[in-house]
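Colleague: need a structure here:
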Amino acid sequence: MRIRQRTWALVLAAGDGTRLATLTTDASGRSVPKQFCSLNGGRSLLEDALQRARRIVPRDRLCAIVAADHRRYWQRTLWTLPASNVIVQPRNCGTANGILLAVLSILERDPLARILFLPADHYVRDEMALSASLREAATRLTRSPAGLALVGIEPEEADPELGYIVPGVKLADGTRAVERFVEKPDSALARELLMKGALWNSFIFAASGPALLGMLRDRLPESVDAMQTALARDAHNKSRAALEDVYQHLQPVDFSRAIVQGAEAQLRVITAPACGWSDLGTPQRVADTLKRLEHERFERASPLPRTPSFVTPPAFINLAAQHARLGFAG
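Modeller: Below you'll find the predicted structure:
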């Protein structure tokens, strides 16, 4: 479609997943970031995210940002992408710096790029329901390129472990303004938020590359200048030395706290229907997701669904098997 000719997708896959370490530690005692694990066998969450992105963009405009010290995990998963589409951070310095590096890399190739950002560690039961909202987010950017378009998901329960977006007034393009964010409310407040129509904050969003770079420059001007200069030097010298030097001095910066919060006037939210989404952020959320899948299995009288592995090897860790072996409650 013409409206998506300049649309790119970026899969965010550089996180360490420390909150889930009790479930993701392998036999050698090494904690495997959860994006390289599967929920129930078969392909990894990262591969699921790549498939999610491929429903929106062609392979040549699908990128992933990863951390250098995770190479042993991602190199066997991302071999299907063009090498230039695998953006490697010298080390993990938080989501804001990772997004900055990726945005600069994509804008160097397409100065008018519109980018859809997808975390690599989510589970989605109904991918087609979510895909419609992702396409809408990409389409909205062609009509209103300023600011960020967030994808908020209709909650299935009042979960106090998640972040919430409280939508504001309806805007001219059919989206909603963002009134405020609420991070990990207590159970009573979570129920109250649901009554007010709040949405789960999925951290899925879309933005015009130039507009997002402007937001990053407003909040992180020194980092933007340093990284732009380093990338230009490395392109000239055909090395990564300048970028690696910059990363030695970067402090970790969280994108949501440093860039998004406080910028509500530049945000709008698109509502995605309830689709069995989970960020699998804690062992309890893994347990809850597995419990729902088991309940659905009994209703259908069919085996617990497994994500097919296609041509790629199985994930490094099966979270369902780890959950059962370690005897977690839930």
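
Colleague: quick check: Val86 touching Leu62?
Modeller: No - in this structure Val86 lies outside contact range of Leu62 using C-beta atoms under 8 Å: 10.3 Å. All C-beta spots, glycine's among them, are computed from the backbone N, C-alpha and C.

Colleague: so Pro82 sits against Asp60, correct?
Modeller: Yes - if you go by C-beta under 8 Å, Pro82 and Asp60 touch, sitting 6.3 Å apart.

Colleague: Val86 and Leu62: which has the busier surroundings?
Modeller: Leu62 (22 against 17; other C-beta atoms under 10 Å).

Colleague: do you know the pLDDT at the more buried one?
Modeller: If you check Leu62, the pLDDT there is 97.

Colleague: can you check Glu136 too?
Modeller: Per-residue pLDDT puts Glu136 at 90.

Colleague: burial of it, as a residue count?
Modeller: 17.

Colleague: now do the SS call for it.
Modeller: helix (DSSP: H, G, I helix; E, B strand; the rest coil).

Colleague: what sits against it?
Modeller: Listed by C-beta atoms under 8 Å, 6 or more residues apart in numbering, the contact set of Glu136 reads Ile270.

Colleague: at 10 Å what do you get?
Modeller: Glu136 makes contacts with 149, 151, 174-175, 206, 270-272, as judged by C-beta atoms under 10 Å, 6 or more residues apart in numbering.

Colleague: in TSV: those residues, plus pLDDT.
Modeller: Listed next are those as TSV, based on pLDDT from 0 to 100:
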residue	pLDDT
Ala149	94
Val151	97
Gly174	84
Thr175	91
Ala206	96
Ile270	96
Thr271	96
Ala272	96
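
Colleague: which among the residues you listed end up buried?
Modeller: Burial by neighbour count, 16 or more other C-beta atoms under 10 Å: within those this picks out 149, 151, 175, 206, 270-272.

Colleague: which of the residues you listed sit farthest apart?
Modeller: Ala206 and Thr271 (14.1 Å; C-beta to C-beta).

Colleague: just give me the closest of the buried ones among the contacts of Glu136 to Ser131.
Modeller: Nearest to Ser131 out of those is Ala272 (C-beta to C-beta; 9.4 Å).

Colleague: my guess is Leu148 contacts Gly214. True?
Modeller: No - with contact defined as C-beta atoms under 10 Å, Leu148 does not reach Gly214; the gap is 11.2 Å.

Colleague: dump the residue contacts of the residue most central in space within the chain.
Modeller: When C-alpha atoms, centre = their mean is applied to the chain, the residue found nearest the centroid is Pro119 (1.3 Å). Residues near Pro119 by C-beta under 10 Å, 6+ apart: 11-13, 15, 35, 45-46, 49, 52, 95, 202-204, 279.

Colleague: give me the contact list for stretch 188-199.
Modeller: Contacts with stretch 188-199, where a contact means C-beta under 10 Å, 6+ apart, come from 150-167, 176, 178-182, 184-186, 200, 269-272.

Colleague: try 8 Å this time
Modeller: 152-155, 158-160, 164-167, 182, 185, 269, 271.

Colleague: export it to CSV, keeping only CA atoms.
Modeller: Taking Å, rounded to 0.1, in the frame of the first residue of the first chain, the C-alpha atoms of stretch 188-199 are listed here in CSV:
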residue,chain,number,x,y,z
ALA,A,188,-8.2,-0.6,43.9
LEU,A,189,-6.8,2.2,41.6
ALA,A,190,-6.4,-0.3,38.7
ARG,A,191,-10.1,-1.2,39.0
GLU,A,192,-11.0,2.5,39.1
LEU,A,193,-8.8,3.1,36.0
LEU,A,194,-10.7,0.4,34.1
MET,A,195,-14.0,2.1,35.0
LYS,A,196,-12.6,5.3,33.4
GLY,A,197,-11.6,3.5,30.2
ALA,A,198,-7.9,3.4,30.8
LEU,A,199,-5.8,1.1,28.5
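
Colleague: can you list the buried residues in it?
Modeller: Result for stretch 188-199 [16+ other C-beta under 10 Å]: buried residues 190, 193-194, 198-199.
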